[in-house]
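**Q** When you get a sec, could you give me coordinates for this:
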Amino acid sequence: MKRFANLEEISDGKLYQTRDMVKADCLGCKNCSKCCHGMGDTITLDPYDIWRFRKGLHKELRDFLEEGSVALGVVDGVILPHMAMVGEEERCFFLTDEGWCGIHPWRSGLCRLFPLGRCYEGDRLQYFVQRGECEQPKVKVKVEKWLDTPQLQQYEGFLLEWRNILNQTIEQFGRLEDIELQREWNLRFLSCFFATPYEWEADFYEQFAQRRTLWNSWNEREHKATEG
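**A** This next block holds a predicted model:
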């Protein structure tokens with residue numbers, strides 16, 4: 001999940017904000033779907049993705065796992081869902097035979113982001129254009145338009161908060177020596193932020209705040225019990 005790299009090596013060396021223009025618009029991709037193949041477990045999903053899937057597809061995480069469109073993987077010791085690559089071509093489950101995204105209006109945040117990348121610096125989120133990741137001709141587009149996400153400022157605040165939660169959880173899980181205890185905490189984390197169904201008609205950010213409070217409360221209580 002964590003990636004430390006020289007910006008000049010992976011991008012044009014510049015950082016952008018949501019109102020900046022960047023050369024990222026692939027003009028409909030022209031039947032290219034390379035970024036929908038061979039991605040392994042790298043397209044990880046966050047709680048907002050799961051809520052967005054629920055809102056658009058009216059399915060829960062359990063349904064996606066059962067149909068094979070989403071899989072679970074371990075990222076730095078934490079169990080997280082990710083888009084599943086299937087078949088000999090290792091293609092995204094939702095890629096149509098015509099080479100189009102079958103869930104485009106509800107696609108994940110990382111799918112919306114590509115070919116951009118996110119750069120986290122403290123409490124600041126910026127973007128960069130990935131070098132060599134997409135061979136399609138591109139034209140300039142405003143970052144906020146490319147991300148195609150409502151309430152973008154609030155969404156960015158969520159991304160920063162979610163990153164902090166993940167980093168804290170990774171550190172916490174890393175200190176647990178008991179394998180069964182690690183598994184128990186991982187399953188509770190998965191249940192709290194992903195598996196327990198979201199109300200798709202309700203505001204996501206309010207639901208996330210409730211789950212964050214629940215997780216922090218349980219986490220603090222169990223941490224004291226473990227120390228005791």
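**Q** List the contacts of the helix or strand harbouring Trp218.
**A** Taking DSSP states H and E as the definition, Trp218 sits inside helix 204-227. Residues outside helix 204-227 that contact it (CB atoms under 8 Å, 6 or more residues apart in numbering): 47-48, 51-52, 151, 154, 158, 161, 165, 172, 181, 185, 188-189, 192-193, 196, 198-199. C-beta here means a position set from N, CA and C on the backbone, and glycine is covered the same way.
**Q** Distance of the most centrally placed residue in the chain relative to Asp123?
**A** Central residue of the chain (CA atoms, centre = their mean): Leu45, 3.5 Å from the mean position. Separation of Leu45 from Asp123 (CB to CB, to the nearest Å): 23 Å.
**Q** Then Cys134?
**A** 29 Å.
**Q** between those two, who's got more neighbours?
**A** Cys134 (18 against 9; other CB atoms under 10 Å).
**Q** which ones are touching the closest residue to that one other than its chain neighbours?
**A** Leaving aside its sequence neighbours, Cys134 sits nearest to Pro115 (CB to CB, 6 or more residues apart in numbering; 4.0 Å). Residues near Pro115 by CB under 8 Å, 6+ apart: 24, 26, 35, 129-130, 133-134, 138.
**Q** Make CSV from those residues and add pLDDT, distance to Trp100 and secondary structure to it.
**A** As requested, the contacts of Pro115 are exported to CSV (pLDDT from 0 to 100; distance: CB to CB, whole Å; DSSP: H, G, I helix; E, B strand; the rest coil):
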residue, pLDDT, distance to Trp100, secondary structure
Ala24, 89, 19, strand
Cys26, 85, 13, coil
Cys35, 89, 13, helix
Val129, 92, 24, strand
Gln130, 89, 22, strand
Glu133, 77, 20, coil
Cys134, 76, 16, coil
Lys138, 81, 18, coil
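**Q** Please consider this matter closed, and thank you.
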